[in-house]
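**Q** Quick one, fold the following:
(one chain, ligands or ions: 1)
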Amino acid sequence: MIFKYTFVNDKAKNLQKLISHIVIDVWCNAREKTFSLNKISNKNGYRKKVKDTPKNLHEPIEKIFNMCSTLSQSQIDYIKDAFIKNNQIEELCNNTVVPVFYDSLTSTIGADFSKEVKSFFKNLYEQVFKQSDFHLNSHYDKFFTSNDKLCPFCGLNPLEKDSSNHRDDYDHYLPKEKYPFNAINLKNLYPMCGDCNKKWKKINNPIHDGSSQKQAFFYYNNSIDPSVAISVNLINTDIQNLDLNITFSSATQQNEVDSWDRVFSTSRRYKDILLHKNFGKSWLRQEQAYYSRAIQQGGSYSVQNTIYYAKSDRLGDKNFIKAPFLEACQSAGIIS
Ligand SMILES: [Zn+2]
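**A** Model (predicted):
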C-alpha cells in the first residue's frame, strides 16, 4: 500500500443499510412466521424499493425469509453474528474479528441457504447497486474527485475515468466468493486499476493466505498512514545483465506489508519495472548522459539531485521505486 484512500460517505451507503435491515430485522425474526411485505420497514422507502425491484430484491428476500422460518434459534443467531462480523471490515483487516466463510454457513445452516445468499449478494452488487437509484456510479464520481487519481495498491497506474464515463472497477477487497454478507459494503469496495484487479489480485484474499488468518492494510484507515520502506538490492551491477531483488520492511506494519506483497505481487512487479529497458535501465542511461554532458562542459553532476527530487515527489512517475533504485545504483558505482 503506497498511500491510503479517503472514504466517501454518500447515498451509496443506503443499500447496505437496507440490506442490514433485511438480514437483522426481517430474516432474523422469521422463525415460524409467514412472509409479507409489511415485515419490511417503510422507513427510508425500504418497502417500496423492495416491492419495485421484484426479481433481485422482493423474490430472493421472500425465498430466504421462508428458509429462515424453519431454522432453529441458534441457527438464526449464527446468521446474525455472521452478518455483523463480516461487515466489520476494518476489524477483519486488523485480525481482531474472525470472519465467517461460505463453507461455514453451508455446514451450519445448509447448502441451499448458502447458495441462495451467495446468489442474492452477487446480484445485489452486479444488478442492483449499479442502478441509478442505488448510486454506485455516482459514488465513483465523488470518489474520483476526493482521492489521488492513482491506484494505491501498486502506485504505478492511474485510476481511470474518461469523458465517456468508462471507469475502473471496484474490487471486493475481501472476496465476495469467500465471505457472505459484505458484497455491497462500501468499506469492502475499492476502485482499483485494471492490472491490480484483473491480473494480480483476482480472488486472492488479503486476510487469509490459505492456511491462516492474516493482517492486511485497511485502505480507508483514518488514523494511520501506511508505513513501508522499499529496499533495492543489486545482485548483478553490469547494466546489460542487471539483476536485483526488492524487499519491503515496516517498523509497525510488517504483517500488512507481507499481505500486500502476497496479494498484489508488488515486489515482483517493481523488479520488472526496474529491469525494464524503458524504465529502470532508461533512468540509468539518462543519469549517465547527464553526467557525461556535465563533464564535457567542465562541470560536475551528481545523481543526488534526481534522488532528492524523486523523494520530494514520491507519487509522481514511479518515484517511490526510482529513488531507492538510483541510491542502490550509486552505492554500487553504476552512476555517480
Ligand atoms: Zn494498481
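**Q** for the residue of the stretch 201-336 of the chain found nearest the ion, what are its contacts?
**A** Scanning the stretch 201-336 of the chain for proximity to the ion using C-beta to the ion identifies Phe264 as nearest, at 7.3 Å. Just so you know, the C-beta spots here come from the backbone N, C-alpha and C atoms, and that holds for glycine as well. By C-beta atoms under 8 Å, 6 or more residues apart in numbering, the contact list for Phe264 reads Phe153, Cys154, Cys196, Trp200, Lys201, Asn204.
**Q** let's go with 7 Å and repeat that
**A** Phe153, Cys154, Cys196, Trp200, Lys201 (C-beta atoms under 7 Å, 6 or more residues apart in numbering).
**Q** Next up, phi/psi of the second one, please.
**A** It stands for Cys154. Backbone geometry at Cys154, expressed as degrees, to the nearest 10, gives phi -120, psi -30.
**Q** measure it to the ion for me?
**A** 3 Å (C-beta to the ion, to the nearest Å).
**Q** In this structure that residue contacts Gly194, no?
**A** No: using C-beta atoms under 7 Å, Cys154 is not in contact with Gly194; the gap is 10.7 Å.
**Q** the more surrounded of the two?
**A** Between Cys154 and Gly194, counting by other C-beta atoms under 10 Å, Cys154 is the more crowded of the two (23 against 13).
**Q** Phi first, then psi, for the residue nearest to that one when sequence neighbours are not counted.
**A** Sequence neighbours aside, Cys196 is the residue nearest to Cys154 in space, at 5.2 Å (criterion: C-beta to C-beta, 6 or more residues apart in numbering). Phi and psi for Cys196, reported as degrees, to the nearest 10, are phi -60, psi -40.
**Q** Could you do Lys202 as well?
**A** Here Lys202 shows phi and psi, under degrees, to the nearest 10, equal to phi 50, psi -120.
**Q** Also the one 4 residues further on?
**A** According to degrees, to the nearest 10, the main-chain angles of Pro206 amount to phi -60, psi -30.
**Q** What's the local residue count around the residue nearest to it when sequence neighbours are not counted?
**A** Distance criterion C-beta to C-beta, 6+ apart; nearest residue to Pro206, sequence neighbours excluded, is Ala216 at 3.5 Å. Ala216: 26 surrounding residues under other C-beta under 10 Å.
**Q** try Val8
**A** Neighbour number of Val8 under other C-beta under 10 Å is 18.
**Q** Touching, it and Lys142? I think so.
**A** Yes: assessed by C-beta under 7 Å, Val8 is found in contact with Lys142 at 4.9 Å.
**Q** Show me which positions of the host helix or strand of Gln330 end up buried.
**A** In this assignment (DSSP states H and E), Gln330 forms part of helix 319-331. Across helix 319-331, burial judged by 16 or more other C-beta atoms under 10 Å covers Asn319, Phe320, Ile321, Lys322, Ala323, Pro324, Phe325, Leu326, Glu327, Ala328, Cys329, Gln330.
**Q** Please identify which pair of these lies farthest apart.
**A** With C-beta to C-beta as the measure, no two of those lie farther apart than Phe320 and Gln330, at 17.1 Å.
**Q** where does this structure dip in pLDDT?
**A** 163-164 (pLDDT under 70).
**Q** Sketch out the helices for it, chain order is fine.
**A** Along the chain, the stretches classed as helices by DSSP state H are 14-20, 46-52, 59-68, 73-86, 89-93, 102-108, 111-123, 136-146, 194, 254-264, 266-274, 280-296, 304-312, 319-331.
**Q** Export the ones you listed as TSV, with columns for distance to Leu244.
**A** As requested, the helices of the chain are exported to TSV (distance: least, C-beta to C-beta, whole Å):
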stretch	distance to Leu244
helix 14-20	44
helix 46-52	55
helix 59-68	52
helix 73-86	40
helix 89-93	31
helix 102-108	41
helix 111-123	42
helix 136-146	35
helix 194	26
helix 254-264	16
helix 266-274	6
helix 280-296	9
helix 304-312	17
helix 319-331	7
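**Q** From the opening residue of stretch 120-131 to its closing one, how far?
**A** Chord length of stretch 120-131, first to last residue, is 16 Å (C-alpha to C-alpha, to the nearest Å).
**Q** Where does the record place the domain boundaries for this structure?
**A** 11-201, 229-331 (automatic domain parsing).
**Q** Quote the end-to-end distance of the longest one.
**A** Looking at domain 11-201, the gap from its leading to its trailing residue is 28 Å under the measure C-alpha to C-alpha.
**Q** what's the answer for the last one, then?
**A** The distance separating the two terminal residues of domain 229-331, taken as C-alpha to C-alpha, comes to 18 Å.
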